[in-house]
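1. With the sequence up front, the predicted model follows.
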Amino acid sequence: KAGQAIGYTNAGTVEFLLTPERKFYFLEVNTRLQVEHPVTECITGLDLVRLQLEIAQGAALPAELDNLSINGHAIEVRLYAEDPTHDYRPATGTLNSFAFECAARLRVETGVAEGAEVSPYYDPMLAKVIAHAPTRGEAAARLAAALARAEIHGPRTNRELLVRILR
């Protein structure tokens, strides 16, 4: 009943749809932390990785979860070494420069650095970039600005496409 869905959650364990009639429809169970977890962390202030590790060591769920509140909006994009103008073909080569400005409410998660070689043998994701702000519009603007200002030279990326979508 996806056409009637009014709610969706990706809590890292259970995904479901909620209809206007308040009926739940199960989608799937994921036993791992989802790649989108930084969005949840930004809007809740929780450190989900720390919580997972503590619970795995036998700790109880913290009391703070009883009064959890959502603060603002967060948007995450995946920056890829790919060419959107040529059917999203992977792009390879050396990252001659790869730097983001440090900014409030901006989170960059990456496993590459300037000088890294982007090869055809691995996932072409260069980074997950997440912006948090009081409103969705402000989060999108903050993320677009951060991507536009980033120093990324080397293989072609989907950066321009992401900036256009966010703006």
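-> Here it is on my side, so go on. The model shown is predicted, which means the values in this text are computed figures rather than measured ones.
2. Pretty sure residue 34 sits in a helix.
-> No. If the criterion is DSSP: H, G, I helix; E, B strand; the rest coil, then residue 34 is coil and not within a helix.
3. That one: neighbouring residues, count only.
-> Number of residues near residue 34 (other CB atoms under 10 Å) recorded here: 15. Quick note: C-beta positions are derived from backbone N, CA and C, even for glycine.
4. One more: residue 40?
-> 19.
5. Spatially, what comes nearest to residue 107 if we skip its sequence neighbours?
-> Of all residues not flanking residue 107 in the chain, residue 130 sits nearest, at 4.3 Å (CB to CB, 6 or more residues apart in numbering).
6. who's in contact with the one you found?
-> 38-39, 42, 74-77, 106-109, 143 (CB atoms under 8 Å, 6 or more residues apart in numbering).
7. Inside helices: which ones of those?
-> 38-39, 42, 143 (DSSP state H).
8. May I ask which of the residues you listed has the most neighbours?
-> residue 143 (26 neighbours).
9. Going along the chain, name the strands of the chain.
-> For the chain, the strands defined by DSSP state E cover 7-10, 14-18, 24-29, 73-80, 82-83, 89-90, 93-94, 97-99, 106-110, 117-118, 125-133, 151-153.
10. could you dump those to TSV with mean pLDDT and distance to residue 159?
-> Output for the strands of the chain, formatted as TSV (pLDDT from 0 to 100; distance: least, CB to CB, whole Å):
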stretch	mean pLDDT	distance to residue 159
strand 7-10	41	25
strand 14-18	81	29
strand 24-29	84	31
strand 73-80	97	6
strand 82-83	96	10
strand 89-90	93	15
strand 93-94	96	15
strand 97-99	97	11
strand 106-110	96	13
strand 117-118	96	14
strand 125-133	97	9
strand 151-153	97	6
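11. Redo the ones you listed as JSON lines? Include distance to residue 67.
-> Formatted as JSON lines, the strands of the chain follow (distance: least, CB to CB, whole Å):
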{"stretch": "strand 7-10", "distance to residue 67": "18"}
{"stretch": "strand 14-18", "distance to residue 67": "21"}
{"stretch": "strand 24-29", "distance to residue 67": "23"}
{"stretch": "strand 73-80", "distance to residue 67": "20"}
{"stretch": "strand 82-83", "distance to residue 67": "42"}
{"stretch": "strand 89-90", "distance to residue 67": "45"}
{"stretch": "strand 93-94", "distance to residue 67": "49"}
{"stretch": "strand 97-99", "distance to residue 67": "39"}
{"stretch": "strand 106-110", "distance to residue 67": "24"}
{"stretch": "strand 117-118", "distance to residue 67": "44"}
{"stretch": "strand 125-133", "distance to residue 67": "20"}
{"stretch": "strand 151-153", "distance to residue 67": "41"}
